[in-house]
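Engineer: sequence and predicted structure are below.
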Number of protein chains: 2
Amino acid sequence: MAQTIASDLEYSFDGTRMIGRRFVPVGAGDVPGVLVIHAAHGLGEQVLGCAERVAALGYAVLAIDLWGERKQITNPAEIGPMLGAFNANPDMWMGRIEAARQALIASGNVDANRIAVMGYCFGGSSSIEFVRSGAPIAGAVSFHGGLDNVGDDFTKAGADARVLILTGSQDPLASAADLARVEAGMSAVGLNWETNVYANTKHGFTEPDRGPRPPFAAYNAIADRRSWSAMSAFFADLFAH
Amino acid sequence: MAQTIASDLEYSFDGTRMIGRRFVPVGAGDVPGVLVIHAAHGLGEQVLGCAERVAALGYAVLAIDLWGERKQITNPAEIGPMLGAFNANPDMWMGRIEAARQALIASGNVDANRIAVMGYCFGGSSSIEFVRSGAPIAGAVSFHGGLDNVGDDFTKAGADARVLILTGSQDPLASAADLARVEAGMSAVGLNWETNVYANTKHGFTEPDRGPRPPFAAYNAIADRRSWSAMSAFFADLFAH
């Protein structure tokens, strides 16, 4: 595991300022890059810790600020409207992630031809959607992404993009029917996908059970460890081939 | 990767002599054990190579000889009757694997409380069936196992056993319906399973396309690499917890 250095990285899209956080391995030359997209609560401590651990694998990482101004959502009632605003405006949704991708490249130390995206919950949905939008990225990893927020027309996706979906068997935001629908959409264009399903596992399985959580979400230690190793090996394989 | 030493290991069940091959890391004390079960063609070079690589991960491995007398099947017409004989006689099927488990333990250098089983094609089916039979093992990994050969009543399975199913989306021997049926059977008793599905992947994806193969089987480099790393990380996690 490499040591990493961290700094805030500001970028913007359509007048909104976003304050991401960049982590790079100490002394790295141009290494593969990874965009890390937060869950509904915004770019907070938990996902920043994940982003740092990804950078320690040897990648230039930008933990992106999808909501803008590093907004944190603490009131659960705000989540639905926020996700709805992004679902209703794909140009904003994808535009903000693309702005983050360009900011990561401009910040240096990164091989622009080897950039992937990963995310948690809505950030997982966003990662798959970013592939679906035709963004020039190598691959995407979704941790308990809400698949109800993911379309199934992948005709714009890059032919070589690879997608890894990590999901719980008891996650109502990623039903077996939605999983099959998204898989079929990717298969229809020959996209190279992989899905890992964890038994006895609810939504949000990587996140600790601190504070109130909805009844359909819970930490799962096995799924947390298994998904982390799946992602790590996936990136190693993706960036080597 | 540890260096390994190899030797044939004979054992028997119900009058049939079986000639397995044992691989252990050089200089190892008592390490976790792994039974490796061959595909329909028998205990040949390809699976022996896999078993050696598993041992190099730090495990005492027995590549078992399910057919007995190290029989190799070269005529595809013999496969159906052989699998049929085992499907029709679960006592023989499970008895031979249990005999291998006991032979591995008796051969030394192995922690009898940390033994798992893995296998390819019919050996994958056999691995899951071994869990289902209630065998005292920690976990099972199935590589492109024929799920049509796997039952769905897991009430005898050990509560802590973990199962990892690695399968191709285009494998007719592991249809989505059969996968869902087996998953539901494991879920019904709370078993800790995980399934990894690889896109664009047929049956037998770990095996090189040497010689004639049925049209539903083909090597897939990505699925081969991904399944190997999934198994490696699974065993590391299983034996550490």
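Structural biologist: Done, it's in.

Engineer: wasn't residue A:11 part of a strand?
Structural biologist: Yes. Secondary structure of residue A:11, determined by DSSP: H, G, I helix; E, B strand; the rest coil: located in a strand.

Engineer: determine the number of other residues adjacent to the closest residue in space to it that isn't next to it in sequence.
Structural biologist: In space, not counting the residues next to it along the chain, residue A:11 is nearest to residue A:103; the distance is 3.7 Å by Cβ to Cβ, 6 or more residues apart in numbering or on different chains. Where you see a C-beta, it was placed from the backbone N, CA and C, and this is true even at glycine. The burial count assigned to residue A:103 is 20, neighbours taken as other Cβ atoms under 10 Å in any protein chain shown.

Engineer: cool, residue A:81 as well?
Structural biologist: Applying other Cβ under 10 Å, we find 9 other residues in the vicinity of residue A:81.

Engineer: against residue A:216, how distant is it?
Structural biologist: Spatial separation of residue A:81 from residue A:216 under the definition Cβ to Cβ, to the nearest Å is 19 Å.

Engineer: equivalent analysis for residue A:9, please.
Structural biologist: 34 Å.

Engineer: these two: which has the busier surroundings?
Structural biologist: For residue A:9 versus residue A:216, the count of surrounding residues by other Cβ under 10 Å is larger for residue A:9: 20 against 13.

Engineer: identify the residues contacting that one.
Structural biologist: For residue A:9, the contact set (Cβ atoms under 8 Å, 6 or more residues apart in numbering or on different chains) comprises A:19-22, A:62, A:103-104, A:107.

Engineer: from the contact counts, what lies against the helix or strand hosting residue A:22?
Structural biologist: Using DSSP states H and E, residue A:22 sits in strand A:16-25. Strand A:16-25 sits against strand A:4-13, helix A:45-56, strand A:60-64, helix A:90-106, with contacts defined as 3 or more Cβ pairs under 8 Å, 6 or more residues apart in numbering or on different chains; DSSP states H and E.

Engineer: please repeat the previous calculation with a cut-off of 6 Å.
Structural biologist: Helices and strands touching strand A:16-25, as assessed by 3 or more Cβ pairs under 6 Å, 6 or more residues apart in numbering or on different chains; DSSP states H and E, comprise strand A:4-13, helix A:45-56, strand A:60-64.

Engineer: what's the next helix or strand along the chain from that strand in contact with?
Structural biologist: Stepping forward along the backbone from strand A:16-25, the first helix or strand reached (DSSP H and E) is strand A:31-37. Counting by Cβ atoms under 6 Å, 6 or more residues apart in numbering or on different chains, the neighbours of strand A:31-37 from elsewhere in the structure are A:51, A:54, A:58-64, A:100, A:104, A:110-111, A:114-119, A:123, A:126-127, A:239.

Engineer: tell me how far strand A:31-37 is from the chain's mean position?
Structural biologist: The offset between the C-alpha centroid of strand A:31-37 and the centroid of the whole chain comes to 9 Å, using Cα atoms, centre = their mean, to the nearest Å.

Engineer: around chain B, pick out the residues from chain A.
Structural biologist: Chain A has residues A:192-199, A:225, A:229, A:233, A:237 near chain B, with proximity defined as Cβ under 6 Å from any Cβ of the partner chain.

Engineer: dump these to CSV, plus pLDDT, secondary structure and neighbour count.
Structural biologist: Formatted as CSV, the entries for these read as follows, by pLDDT from 0 to 100; DSSP: H, G, I helix; E, B strand; the rest coil; neighbours: other Cβ atoms under 10 Å in any protein chain shown:
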residue, pLDDT, secondary structure, neighbour count
A:192, 97, strand, 21
A:193, 98, strand, 25
A:194, 98, strand, 26
A:195, 98, strand, 22
A:196, 98, strand, 22
A:197, 98, strand, 23
A:198, 98, strand, 25
A:199, 98, coil, 21
A:225, 98, helix, 16
A:229, 98, helix, 16
A:233, 98, helix, 18
A:237, 98, helix, 17
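
Engineer: format the residues you listed as a markdown table; extra columns: distance to residue A:91.
Structural biologist: Listed next are the residues of chain A next to chain B as a markdown table, based on distance: Cβ to Cβ, whole Å:
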| residue | distance to residue A:91 |
| --- | --- |
| A:192 | 27 |
| A:193 | 25 |
| A:194 | 29 |
| A:195 | 28 |
| A:196 | 31 |
| A:197 | 32 |
| A:198 | 34 |
| A:199 | 38 |
| A:225 | 37 |
| A:229 | 36 |
| A:233 | 34 |
| A:237 | 32 |
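
Engineer: can you tell me which of the helices and strands packed on strand A:16-25 is most buried?
Structural biologist: By mean neighbour count, with neighbours taken as mean count of other Cβ atoms under 10 Å in any protein chain shown, strand A:60-64 ranks first of the helices and strands packed on strand A:16-25 at a mean of 29.

Engineer: in its sheet, what does that one sit against?
Structural biologist: Counting by DSSP bridges, the strands paired with strand A:60-64 are strand A:16-25 (antiparallel), strand A:31-37 (parallel).

Engineer: which residue sits farthest out from the middle of chain A?
Structural biologist: Residue farthest from the centre of chain A, counting by Cα atoms, centre = their mean, is residue A:27 at 25.5 Å.

Engineer: in contact with the residue minimising distance to the centre of chain A, which residues?
Structural biologist: Among the residues of chain A, residue A:119 comes closest to the average C-alpha position under Cα atoms, centre = their mean, at 1.8 Å. Listed by Cβ under 6 Å, 6+ apart, the contact partners of residue A:119 are A:37, A:126-127.

Engineer: wait, doesn't residue A:20 sit right on residue A:64?
Structural biologist: Yes. Taking Cβ atoms under 6 Å as the contact criterion, residue A:20 and residue A:64 are neighbours in contact, 4.9 Å apart.

Engineer: so where's chain A uncertain?
Structural biologist: By pLDDT under 70, chain A has no low-scoring segment.

Engineer: picking up where we left off before, just how off-centre is the helix or strand hosting the residue nearest to the centre of chain A within its chain?
Structural biologist: Per DSSP H and E, residue A:119 falls inside strand A:110-120. Strand A:110-120 has its C-alpha centroid displaced from the chain centroid by 10 Å (Cα atoms, centre = their mean).
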